[in-house]
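Colleague: Here's my sequence, what's the structure:
(one chain, ligands or ions: 1)
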Amino acid sequence: MADTKKIAVIAGDGIGPEVVAEAIKVMKKTEELYGLSFEFEHGLFGGIAIDEKGTPLPQETLDMCKAADAVLLGAVGGPKWDNNPKELRPETGLLGIRKALGLFSNIRPAKIFDCLKDASTLKPEVLEGTDLIVVRELTGGIYFGDKFRREGANGEEAVDTCVYNVHEVERIVRQAFEIARTRRKKLASVDKANVLETSRLWREVVNRIAPEYPDVELEHVLVDNCAMQLLRRPASFDVIVTENMFGDILSDEAAMLTGSIGMLSSASLGEGAFGLYEPVHGSAPDIAGQGIANPIATILSVALMYRLTFGYHEAAQSIEDAVASVLDAGHRTADIATDRSKAVGTQQMGDLIVAAMK
Ligand code: NAD
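Modeller: Residues are numbered from 1 along each chain as shown. Sure thing, here's the model as predicted:
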């Protein structure tokens, strides 16, 4: 029996609790199959926390997350809180939790399931074999540099500064090399070193660290070229590492290769193994409470947690294989179904995946 790992569960709003419940079912099945052991603790977060505690991120939820080995998050938000002042909005809780937990990278896999190739806007033969991860720096760059307005020669000017220091680049690049090591051992570092000084620093740091990872094949790709190559040869990428704004754009582009938001998992990582795992989608208020949400994004987030935080690669593979086999057998939730009348519900999809796990 493996050590008991503490999982902080913050299901949140809308479909959050529905999809998280299925992910926990899958985790419990891996306890049975692989001798893993988890202790689940549940906390309030987002809109529900605003209603019950008067704040989107109660201190006790944050303390629970800090004491955990990993966090499983559903989704937050909804129309009920949309017109609240900033400090009483669920999204403010999301920014707050990332900051408080020191999470500096966002990891977004984009993997094509063969049987869903037709859901993408790209040709199936271009997508064949696509299985990549975008590692995005989250805490630096132009989003966090000085911003101001000034009187320019011809009227008003606006300035956003892009700042990176060596430490910020080093820690994320090391993380990306480590992730590449657990996969196909290819890393694409994306920058704009032909124009930007921060990119030249980025590239210098990458080149300095690269010899520590002789087993990983490194390529430098300019961001504009990367945007093109993701559409032209997506299957050739394994791990892509890049700064905040480039990562924001490229991770959305990569996500759309797969065609469905209900399938996309993500992780936010800090120093060490700790991570926060969540589906890319939001709380989907339009379908909340109907039992029709696709739980696969959250279930695949568990597989990501097993790989990145716990090194439970076999159990992760079993989850990913089970998802693939259930899809291959033709089962679909409504969002990915061609014939919606035959679609399965959230719980049924969870049950099918649990039953397919080996
Ligand atoms: P959304 O991702 O919630 O929904 C977009 C569309 O995709 C909707 O039609 C929804 O029904 C569908 N969808 C999403 N997830 C699905 C799933 N698992 N299965 C089936 N269909 C699914 O985005 P939105 O509508 O722009 O935002 C709704 C709320 O969620 C907002 O309050 C927003 O702020 C919040 N949000 C939260 C997060 C987060 O918690 N990390 C992320 C994005 C949006």
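Colleague: can you give me the helices in the chain?
Modeller: 16-34, 47-53, 59-66, 90-100, 124-127, 166-181, 197-209, 223-232, 244-258, 296-305, 313-328, 346-356 (DSSP state H).
Colleague: a markdown table for these, including mean neighbour count and distance to the ligand?
Modeller: For the C-beta atoms, the positions are set from N, CA and C on the backbone; glycine is no exception. Listed next are those as a markdown table, based on neighbours: other C-beta atoms under 10 Å; distance: least, C-beta to the nearest ligand atom, whole Å:
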| stretch | mean neighbour count | distance to the ligand |
| --- | --- | --- |
| helix 16-34 | 21 | 6 |
| helix 47-53 | 19 | 8 |
| helix 59-66 | 17 | 14 |
| helix 90-100 | 19 | 5 |
| helix 124-127 | 14 | 21 |
| helix 166-181 | 19 | 20 |
| helix 197-209 | 18 | 27 |
| helix 223-232 | 17 | 21 |
| helix 244-258 | 20 | 11 |
| helix 296-305 | 26 | 6 |
| helix 313-328 | 19 | 13 |
| helix 346-356 | 19 | 8 |
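Colleague: Same list, these, but as JSON lines with mean pLDDT please.
Modeller: Shown next, in JSON lines, are the helices of the chain (pLDDT from 0 to 100):
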{"stretch": "helix 16-34", "mean pLDDT": "98"}
{"stretch": "helix 47-53", "mean pLDDT": "97"}
{"stretch": "helix 59-66", "mean pLDDT": "98"}
{"stretch": "helix 90-100", "mean pLDDT": "90"}
{"stretch": "helix 124-127", "mean pLDDT": "92"}
{"stretch": "helix 166-181", "mean pLDDT": "97"}
{"stretch": "helix 197-209", "mean pLDDT": "98"}
{"stretch": "helix 223-232", "mean pLDDT": "97"}
{"stretch": "helix 244-258", "mean pLDDT": "93"}
{"stretch": "helix 296-305", "mean pLDDT": "98"}
{"stretch": "helix 313-328", "mean pLDDT": "97"}
{"stretch": "helix 346-356", "mean pLDDT": "98"}
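Colleague: Can I get those helices in CSV including distance to Glu278?
Modeller: Putting those into CSV (distance: least, C-beta to C-beta, whole Å) gives the following:
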stretch, distance to Glu278
helix 16-34, 9
helix 47-53, 15
helix 59-66, 12
helix 90-100, 9
helix 124-127, 25
helix 166-181, 18
helix 197-209, 27
helix 223-232, 23
helix 244-258, 14
helix 296-305, 6
helix 313-328, 16
helix 346-356, 16
